[in-house]
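Fold the following, please.
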Amino acid sequence: MGEVSADAVTLNLLREAMETVRSSPLGIINTPLIPWCQTTLPLSIDCNIFLKLENMQRTGSFKIRGVANQFTKRPKGLHFVTMSAGNYGKSFAYALKHYESKGKVVMPETAPVSRANLLQSFGVEVERVPTSSLMNVVTRCVQEDKMIFLHSYDDLDLIAGHASLGMEVLEVNSDPDVVVVCCGGGGLLAGVAAAIKLSGCAKTRIYGVEPEGACTMYKSFIEKKPVGMDAKSIASGLAPPFAGRLPYELCQRYVEAIVLVSDQEIKAAVSTLYKSGLVVEASGSAAFAAIVNNKIPELEGKNVVCIISGGNIGKDELADFPD
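Predicted coordinates for the structure are as follows:
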């Protein structure tokens, strides 16, 4: 990816990406935004919370939005490589099949084996490596095998595609007080935050949520530059080796703060959601975990949007969660 600045992310760009996503042959769903009060989920805070159910996307997560915008900008028939713990890889594989292209996913060894098997069933090559080696392997594929690298979170087209989620939220709730979004490399958080702020919601507070053991954006905010770490969390989709440069710039501009949740809080959130009939993976439940554990300040009496970002969780993974 070239050195694109946050200034390149304009409202016109995001509107164009929204139309691309909506007209994509990949079949992106305008997912429901449901009031918390219409679920059986417990809530101890006196506020109006809405859940944006991206676990209902065709590929089980929000990632298909950014992928749709990325692939529209590239010709068919190329050989692509990416890095992913699973959700981006699944959407990437789905798009490859539609666009008659080939691809490889470099996956961290910490990701569930079931996810690697799923991607291979789509006909995509998977190479599992230590998290710290992800970019080295991608670079080798680009240099030696002449593959085209599609970044799974630090990419302008991807972020613009993810921004469609924020635009959809505003179509239902035109001026939310608070929006809570999970954060790994920062692509979703950056896109949603840019969409909401550039649409004129100056007073909306936007929070990113990271696992304590994979808090690259949190540390980036402290050090005032994108940083990496040996990220480890049960939420493998939120544990990239480093924060994205463009996502960091956009988050610095539009995000109120990054808050942290523990793996135990994430596990409990997955179980709570499951008991209420919502199948949500660990990475997809981080924003919910932050809300129920009172990590987001001043929610009383507010209109709050919580992004449920993905539901790709297998039986083998669910067995590790408390009843």
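
ok, now which ones touch residue 26?
With contact set as CB atoms under 8 Å, 6 or more residues apart in numbering, residue 26 has these partners: 58, 64, 67-68, 71, 94-95, 98. Bear in mind the C-beta positions are built from the backbone N, C-alpha and C, glycine included.

quick one: contacts for the closest residue to residue 187 other than its chain neighbours?
Of all residues not flanking residue 187 in the chain, residue 153 sits nearest, at 3.5 Å (CB to CB, 6 or more residues apart in numbering). When contacts are counted by CB under 8 Å, 6+ apart, residue 153 is found next to 88, 184-188, 240, 244, 247.

And residue 153, what's its pLDDT?
For residue 153, the pLDDT comes out at 94.

quick one: it and residue 301, what's the gap?
Relative to residue 301, residue 153 is positioned 34 Å away (CB to CB, to the nearest Å).

repeat for residue 95
Using CB to CB, one obtains 42 Å as the distance from residue 95 to residue 301.

And for residue 115?
Here residue 115 is placed at a distance of 40 Å from residue 301 (CB to CB).

quick one: secondary structure of residue 65?
helix (DSSP: H, G, I helix; E, B strand; the rest coil).

what bits of the stretch 1-150 of the chain have low per-residue confidence?
Applying pLDDT under 70 to the stretch 1-150 of the chain flags residues 1-2.

re the thing from before, let me know the closest of the contacts of residue 26 to residue 165.
Distance to residue 165 across these (CB to CB) is lowest for residue 64, with 10.6 Å.

what's the burial count for the residue nearest to the closest one when sequence neighbours are not counted?
Beyond its immediate neighbours in the sequence, the residue positioned closest to residue 64 (CB to CB, 6+ apart) is residue 91, lying 4.2 Å away. The local packing of residue 91 (other CB atoms under 10 Å) involves 29 other residues.

can I assume residue 91 is in contact with residue 69?
No. Between residue 91 and residue 69 no contact is recorded; they are 11.3 Å apart, counting by CB atoms under 8 Å.

So which of the contacts of residue 26 belong to helices?
Among these, the members found in helices (DSSP state H) are 64, 67-68, 71, 94-95, 98.

Let's see the PyMOL selection covering just the buried ones among these.
Selecting only the buried members of these in PyMOL, with burial defined as 16 or more other CB atoms under 10 Å, works like this:
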select buried, resi 64+67+68+71+94+95
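
So which of the ones in helices among the contacts of residue 26 is the closest to residue 78?
Top of the list for closeness to residue 78, among these and by CB to CB, is residue 71 at 9.9 Å.

Not counting sequence-adjacent ones, nearest residue to that closest one?
If the residues on either side of it in the chain are set aside, residue 71 comes closest to residue 95, at 4.7 Å by CB to CB, 6+ apart.

ranges for the strands of the stretch 201-323 of the chain?
205-211, 257-261, 303-308 (DSSP state E, counting those that start in this stretch).

among the ones you listed, which is nearest residue 48?
Checking the strands of the stretch 201-323 of the chain against residue 48 by CB to CB gives strand 303-308 as the closest, at 5.0 Å.

how near is the residue nearest to residue 187 to residue 85?
Residue 153 is 11 Å from residue 85, where distance means CB to CB.

Find residues that contact each of these two.
Here residue 153 and residue 85 have residue 240 as joint contacts, going by CB under 8 Å, 6+ apart.
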